[in-house]
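Engineer: Give me coordinates for this.
(chains A and B)
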Protein chains: 2
Amino acid sequence: MIVGGGGVGTMAAYNLEAGGLAETTMILRSNYDVVSRQGFRIDSCQHGEIHAWKPRGGILAHIDRTGSIKFDYVICSTKNIPDGPGPTVAQLVKPYVTPGHTAIVLIQNGINIETPLIAAFPHNAVLSGISLIGVIEPEPGHIVHNDADKLMVGYFPNPGLPDHATQEKAARDFIRLYSASAKVEASYDADVPWTRWRKLLYNAVYNPLSALTDSDTSRLRLSARQDQRDPSQSHNVLDHLILPAMREIQAAARAVHQVELPDALLESVVEADSIAEFLLPSMQQDVQKGRFVECEVILGETVRLGEGAGVQMPVVRTLYCMCRAVQFRAKERAGLLDVKELAAKYHE
Amino acid sequence: MIVGGGGVGTMAAYNLEAGGLAETTMILRSNYDVVSRQGFRIDSCQHGEIHAWKPRGGILAHIDRTGSIKFDYVICSTKNIPDGPGPTVAQLVKPYVTPGHTAIVLIQNGINIETPLIAAFPHNAVLSGISLIGVIEPEPGHIVHNDADKLMVGYFPNPGLPDHATQEKAARDFIRLYSASAKVEASYDADVPWTRWRKLLYNAVYNPLSALTDSDTSRLRLSARQDQRDPSQSHNVLDHLILPAMREIQAAARAVHQVELPDALLESVVEADSIAEFLLPSMQQDVQKGRFVECEVILGETVRLGEGAGVQMPVVRTLYCMCRAVQFRAKERAGLLDVKELAAKYHE
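Structural biologist: Model (predicted):
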């Protein structure tokens, strides 16, 4: 079962079925109507051009129990916005989880995302999926997969499952299904905390920074390089913001999970995107479209974990608090709050 | 002589002439054509409705020497953007300054703004004007003055003028001219550093924060109050960003100029704008219009002075560096740089 039928979820479903070892069912929201009529159109850099594709297990429009199907895996590839108006991830996957059987695969950003799942499903394996895929959905049902699908899968230890071997097996079995297409690369992630903190170096810094300044990762670095070369400029966004923020995350990773992110890694994450490509991090795209941002799983949890372990995080905390204000604006745009009413209430 | 014929400069000119003790000349840029044809239209909450007004000393279109006129005062009320493409403030006022005679009145935001003026004019009084006026120019030549003109004038000690009494007299004489209309309030500022650091509490915090999150000062506080009341939220933009930033400025003011900004003052600056009014700080308006921001005089100098005196300023420094990226975008929009070209250069 795939919950989250956007680009990531659709390519996961397609790839799993292309391998021949899995049958998938997808839950769709905004693209349900068009896909039920004409299937997905997929332009994939790894699978080729596909027309009128539907998963063999069918598509579903609503979050309903699917009767007697006992799913082996429920993949959740939605955005993760616990402070938004929608259902939580645990609520989304619940109808498809058979206690003690189904493994839950979270292909999602952020840190500490497993805690609510483990609380809700104390007897199920909860897997971590870190995806490096590049994929967009320019219009409903049309998936453009433009950068190779690389997936790392490991497990979040569930204290309700004392047997680690079973949880590792759930992850390795999933990798076997996912690799069967021989088109994509799926590998076992033996150190999930390391992988997630490493991803945060980029996500907790470039995501909010690009969203708040409306500057992609190339423009941010170009701005810094111009300022570095200008003798009248004392500061620049790279040396005095991006790197200090990454060092706070480095310190938090060490204090919280004994994870060592070497200095050379920080430097390479800074240059992760080709400067000639002008890539927009997902949060910048979200803000441009007035959508909710994943500020809690990417920033809030990072700051709470780090500060909870005694690490000072003034830079990342500043980015986080600014994202709280951005989220407030998104709620206002979505009609979820009325600022005039609120102001009148607080003005009394 | 008034350099900067926008809202602040025009109301200063009008008020000075209304008092009957001064004759003013104005340098105009974008509104020169319309004002030369039909004069200013002024809707003022303190002076009433005025049509077809021109200063008695006339208007000038270009920054040319005005021949033999020996100005007593040159008022500069332009934006102050030393990192922008235009002339510096010193270059702007130079044609109208008679060495040893003209007093230069800077009605401008920021800190450390006097240093380049004192360097360029070692034998002239340089005065500090802090204006609380509310005024906009909805179309060229149409000035809407909607909040009372209150001006505080003091002097920046010029080491080339050992006689402090003369500099104080220049300030007090200006106040006499400015108060003569009996419509506005002008007062002597005996402690310019205090007044300027106090103004920075608002300007160095609310200005960049509102610009970067596109949230006026009411929305920022409403967002914080919602988060304060939500038990699932650990942080909010007021307690974890606005107040920490103000405390950094408080520490910098103490270390740099032995200026004491009491805690109660910080709290009152947070609530300076009525929450029911949804006021947009000037920098938010500038970013919305894609204009350059006053990030050096408001943020850069603050951080350089504070850090130079040993104060850690991670929050304000973060806001400053983000404004550097915003300024880079403004330069790009103004056609002053080509990001593809720059990226190709750095990509090699």
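
Engineer: ok, which residues in the stretch 51-200 of chain A are in contact with chain B?
Structural biologist: Counting by C-beta under 8 Å from any C-beta of the partner chain, the residues of the stretch 51-200 of chain A close to chain B are A:82-83. For the C-beta atoms, the positions are set from N, CA and C on the backbone; glycine is no exception.

Engineer: how about the strands in the stretch 51-200 of chain A?
Structural biologist: For the stretch 51-200 of chain A, the strands defined by DSSP state E, counting those that start in this stretch occupy A:59-60, A:73-76, A:103-107, A:126-131, A:134-139, A:142-147, A:150-156, A:185-188.

Engineer: okay, those strands in CSV with distance to residue A:316 and mean pLDDT next?
Structural biologist: As requested, these are arranged in CSV below (distance: least, C-beta to C-beta, whole Å; pLDDT from 0 to 100):
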stretch, distance to residue A:316, mean pLDDT
strand A:59-60, 39, 92
strand A:73-76, 26, 98
strand A:103-107, 22, 98
strand A:126-131, 20, 97
strand A:134-139, 26, 90
strand A:142-147, 27, 94
strand A:150-156, 23, 97
strand A:185-188, 29, 97
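
Engineer: Include distance to residue A:223 and mean neighbour count when you put those into JSON lines, please.
Structural biologist: Shown next, in JSON lines, are these (distance: least, C-beta to C-beta, whole Å; neighbours: other C-beta atoms under 10 Å in any protein chain shown):
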{"stretch": "strand A:59-60", "distance to residue A:223": "44", "mean neighbour count": "20"}
{"stretch": "strand A:73-76", "distance to residue A:223": "36", "mean neighbour count": "24"}
{"stretch": "strand A:103-107", "distance to residue A:223": "32", "mean neighbour count": "25"}
{"stretch": "strand A:126-131", "distance to residue A:223": "29", "mean neighbour count": "22"}
{"stretch": "strand A:134-139", "distance to residue A:223": "24", "mean neighbour count": "15"}
{"stretch": "strand A:142-147", "distance to residue A:223": "25", "mean neighbour count": "18"}
{"stretch": "strand A:150-156", "distance to residue A:223": "30", "mean neighbour count": "22"}
{"stretch": "strand A:185-188", "distance to residue A:223": "34", "mean neighbour count": "16"}
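
Engineer: Present these as CSV; the columns should include distance to residue B:158.
Structural biologist: Shown next, in CSV, are the strands of the stretch 51-200 of chain A (distance: least, C-beta to C-beta, whole Å):
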stretch, distance to residue B:158
strand A:59-60, 77
strand A:73-76, 67
strand A:103-107, 65
strand A:126-131, 61
strand A:134-139, 59
strand A:142-147, 60
strand A:150-156, 64
strand A:185-188, 68
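
Engineer: Quick check, residue A:103 in contact with residue A:72.
Structural biologist: Yes - using C-beta atoms under 8 Å, residue A:103 and residue A:72 qualify as a contacting pair, with a distance of 6.8 Å.

Engineer: Tell me who's in contact with residue A:14.
Structural biologist: Taking C-beta atoms under 8 Å, 6 or more residues apart in numbering or on different chains as the criterion, residue A:14 is in contact with A:40, A:42, A:44, A:47, A:50, A:53, A:55.

Engineer: Please name the bridge partners of the closest residue to residue A:174 other than its chain neighbours.
Structural biologist: Ranked by C-beta to C-beta, 6 or more residues apart in numbering or on different chains and with sequence neighbours excluded, the top spatial neighbour of residue A:174 is residue A:153, at 5.6 Å. Each beta-bridge partner of residue A:153 is listed here: residue A:129, residue A:188, as defined by DSSP bridges.

Engineer: closest point of the stretch 1-150 of chain A to chain B, which residue?
Structural biologist: Going by C-beta to the nearest C-beta, chain B is nearest to residue A:83 of the stretch 1-150 of chain A, at 7.2 Å.

Engineer: Can you pull the phi/psi pair for that residue?
Structural biologist: Backbone torsions of residue A:83, given as degrees, to the nearest 10, read phi -90, psi 10.

Engineer: repeat for residue A:49
Structural biologist: Dihedral angles (degrees, to the nearest 10) for residue A:49: phi -100, psi 130.

Engineer: so it makes contact with residue A:143?
Structural biologist: No - in this structure, residue A:49 is not within contact of residue A:143 by C-beta under 8 Å, at 11.0 Å.

Engineer: Identify the contacts common to the two.
Structural biologist: Between them, residue A:49 and residue A:143 share these contacting residues under C-beta under 8 Å, 6+ apart: A:42-43.

Engineer: Go ahead and name everything in contact with stretch A:19-27.
Structural biologist: The list of residues contacting stretch A:19-27 from outside it, by C-beta under 8 Å, 6+ apart, reads A:1-5, A:9-10, A:12-13, A:16-17, A:55-63, A:66, A:69, A:71, A:176-182.

Engineer: Now do residue A:132, the pLDDT please.
Structural biologist: Reading off the confidence values, residue A:132 has pLDDT 88.

Engineer: Could you tell me which residues make contact with it?
Structural biologist: Residue A:132 sits in contact with A:147-151, where contact means C-beta under 8 Å, 6+ apart.

Engineer: Next: residue A:324.
Structural biologist: By C-beta under 8 Å, 6+ apart, the contact set of residue A:324 is A:295, B:223-224, B:227, B:233, B:235-237.

Engineer: What about the residue lying closest to residue A:42 once chain neighbours are set aside? Give its phi and psi, please.
Structural biologist: Counting by C-beta to C-beta, 6+ apart, residue A:50 is the residue found nearest to residue A:42 once chain neighbours are left out, at 4.2 Å. The phi/psi pair for residue A:50 (degrees, to the nearest 10) reads phi -130, psi 130.

Engineer: do you know how far the nearest residue to residue A:223 once chain neighbours are set aside is from residue B:168?
Structural biologist: The shortest distance from residue A:223 to any residue that is not its chain neighbour, by C-beta to C-beta, 6+ apart, is 3.6 Å, and that residue is residue B:328. If you measure residue B:328 against residue B:168 using C-beta to C-beta, to the nearest Å, the figure is 42 Å.

Engineer: Name the residue in those two with the higher neighbour count.
Structural biologist: Summary of the neighbour comparison: residue B:328 and residue B:168, criterion other C-beta atoms under 10 Å in any protein chain shown, with residue B:328 having more neighbours (25 against 17).

Engineer: Okay, now the unreliable bits of the stretch 201-348 of chain A?
Structural biologist: With pLDDT under 70 as the threshold, the stretch 201-348 of chain A has low-confidence stretches at A:348.

Engineer: Now do the strands in it.
Structural biologist: In the stretch 201-348 of chain A, no segments count as strands under DSSP E, counting those that start in this stretch.

Engineer: Please, where are all the helices along it?
Structural biologist: Taking DSSP state H, counting those that start in this stretch as the criterion, the stretch 201-348 of chain A contains helices spanning A:206-213, A:217-229, A:243-257, A:263-270, A:282-288, A:295, A:301-308, A:314-333, A:339-347.

Engineer: Return the most buried member of those.
Structural biologist: Comparing these by mean neighbour count (mean count of other C-beta atoms under 10 Å in any protein chain shown), helix A:295 ranks first with a mean of 30.

Engineer: Tell me which residues are up against it.
Structural biologist: Counting by C-beta under 8 Å, 6+ apart, helix A:295 makes contact with A:83, A:208, A:283, A:320, A:323-324, A:326-327, all of which sit outside it.

Engineer: ok, which stretches of the stretch 1-150 of chain A are helices?
Structural biologist: Counting by DSSP H, counting those that start in this stretch, the helices of the stretch 1-150 of chain A are A:7-18, A:32-38, A:89-93, A:115-120.

Engineer: Serialize these to a markdown table and add fields for mean pLDDT.
Structural biologist: Formatted as a markdown table, the helices of the stretch 1-150 of chain A follow (pLDDT from 0 to 100):
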| stretch | mean pLDDT |
| --- | --- |
| helix A:7-18 | 96 |
| helix A:32-38 | 95 |
| helix A:89-93 | 95 |
| helix A:115-120 | 98 |
